[in-house]
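Chemist: just coords:
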C-alpha cells in the first residue's frame, strides 16, 4: 500500500490520505487490540448519531495496525480561528456547542472505557510524578462524584472539521465515559497552552451555556494535569503542569 506523504503525525500514529479515505497507521509496538478498540469506540460514537468519520475497516500490514476511515473534506475550526481571530467569539461558540452535543449523546457503556480507569492508568504511568504525588492525585480522583457522560478526551479546535455541509468531530482515541467537567478542563488546558485569552473565553462560554461553575471545573485541574504528564509534550509544558498540580492539590 503506497500511502505517500503523511498528513499528520501524533504520539501513537501517522495519518495518511488515500483517495477518499484516511489511513491511520499505528507506530511499531502497538498491539492489535489498540487499533480494534479505538475503531470500536469511534464506531459507537458514529452509531449514536454524532457526526464523525465512518470506520471502514481495521487491517494489519507488515505488523503495523491500520484504521481505514472516511475522509472528510474541509478546514479545521482551529485553522479558521487562526485565520480570522476577529471572529473568535463566533468560533468559540461553535466549539462549545459541539462539545455540549458530545456530552449529551448516549453510547453503550460496554463500548467506551471509564474515564477514571483511563486517568488512573495515565497518572500511574507518568515518569514525571513522585509516587507520593501519584497517590494524592488518585485519592482526589476517587473522591469525585459525577454522572457519567460521553467525553471526547482531547477536544480542541483542530479536532473539528468544517465544510459547507456539516461539522465533523475527529480523533476519538481518548474518548471515555466520565465527568463533563473533566472534559471541559482538558479543553481549557489545551487552549491555554496556545492562548490564555481564548481559553478563558471558552470556559466562560461553556459555563454560561451549561450552568456549570468554573470552580466545579477546576476541581479536575490537578488530575487532568497529572494525567497529561504521561504524554509526550514539551519540557516547558511539563513545568507548567507541575505548577498546576502544586497549586490545586
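Modeler: Received, thanks. Computed from a predicted structure; not experimentally measured.
Chemist: rest of the way, CA atoms for contacts and neighbours
Modeler: OK.
Chemist: Return the distance of residue 50 relative to residue 99.
Modeler: For residue 50, the distance to residue 99 equals 11 Å [C-alpha to C-alpha, to the nearest Å].
Chemist: brain fart, residue 243
Modeler: Counting by C-alpha to C-alpha, the gap from residue 243 to residue 99 is 27 Å.
Chemist: More neighbours: which of those two?
Modeler: residue 99 (22 against 13; other C-alpha atoms under 10 Å).
Chemist: show me what contacts that one?
Modeler: Shown in contact with residue 99 (C-alpha atoms under 8 Å, 6 or more residues apart in numbering): residue 155.
Chemist: Can you read off the pLDDT for it?
Modeler: pLDDT, residue 99: 98.
Chemist: So it versus residue 54, what's the distance?
Modeler: Residue 99 is 19 Å from residue 54, by C-alpha to C-alpha.
Chemist: How about residue 97?
Modeler: 22 Å.
Chemist: Would you map the strands across this protein?
Modeler: 8-9, 13-18, 21-26, 55-61, 64-70, 75-76, 149-151, 160-162, 167-169, 176-178 (DSSP state E).
Chemist: Format these as JSON lines; extra columns: distance to residue 106 and mean pLDDT.
Modeler: Output for those, formatted as JSON lines (distance: least, C-alpha to C-alpha, whole Å; pLDDT from 0 to 100):
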{"stretch": "strand 8-9", "distance to residue 106": "30", "mean pLDDT": "87"}
{"stretch": "strand 13-18", "distance to residue 106": "28", "mean pLDDT": "94"}
{"stretch": "strand 21-26", "distance to residue 106": "26", "mean pLDDT": "96"}
{"stretch": "strand 55-61", "distance to residue 106": "19", "mean pLDDT": "93"}
{"stretch": "strand 64-70", "distance to residue 106": "22", "mean pLDDT": "95"}
{"stretch": "strand 75-76", "distance to residue 106": "25", "mean pLDDT": "96"}
{"stretch": "strand 149-151", "distance to residue 106": "7", "mean pLDDT": "97"}
{"stretch": "strand 160-162", "distance to residue 106": "20", "mean pLDDT": "98"}
{"stretch": "strand 167-169", "distance to residue 106": "16", "mean pLDDT": "98"}
{"stretch": "strand 176-178", "distance to residue 106": "10", "mean pLDDT": "96"}
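Chemist: possible to save those strands as TSV with mean neighbour count and distance to residue 193?
Modeler: As requested, the strands of the chain are exported to TSV (neighbours: other C-alpha atoms under 10 Å; distance: least, C-alpha to C-alpha, whole Å):
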stretch	mean neighbour count	distance to residue 193
strand 8-9	12	19
strand 13-18	18	23
strand 21-26	22	26
strand 55-61	14	31
strand 64-70	21	30
strand 75-76	16	18
strand 149-151	26	20
strand 160-162	21	18
strand 167-169	21	21
strand 176-178	25	23
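Chemist: can I get those strands in a markdown table with distance to residue 233?
Modeler: Shown next, in a markdown table, are the strands of the chain (distance: least, C-alpha to C-alpha, whole Å):
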| stretch | distance to residue 233 |
| --- | --- |
| strand 8-9 | 14 |
| strand 13-18 | 15 |
| strand 21-26 | 19 |
| strand 55-61 | 28 |
| strand 64-70 | 24 |
| strand 75-76 | 22 |
| strand 149-151 | 22 |
| strand 160-162 | 22 |
| strand 167-169 | 23 |
| strand 176-178 | 22 |
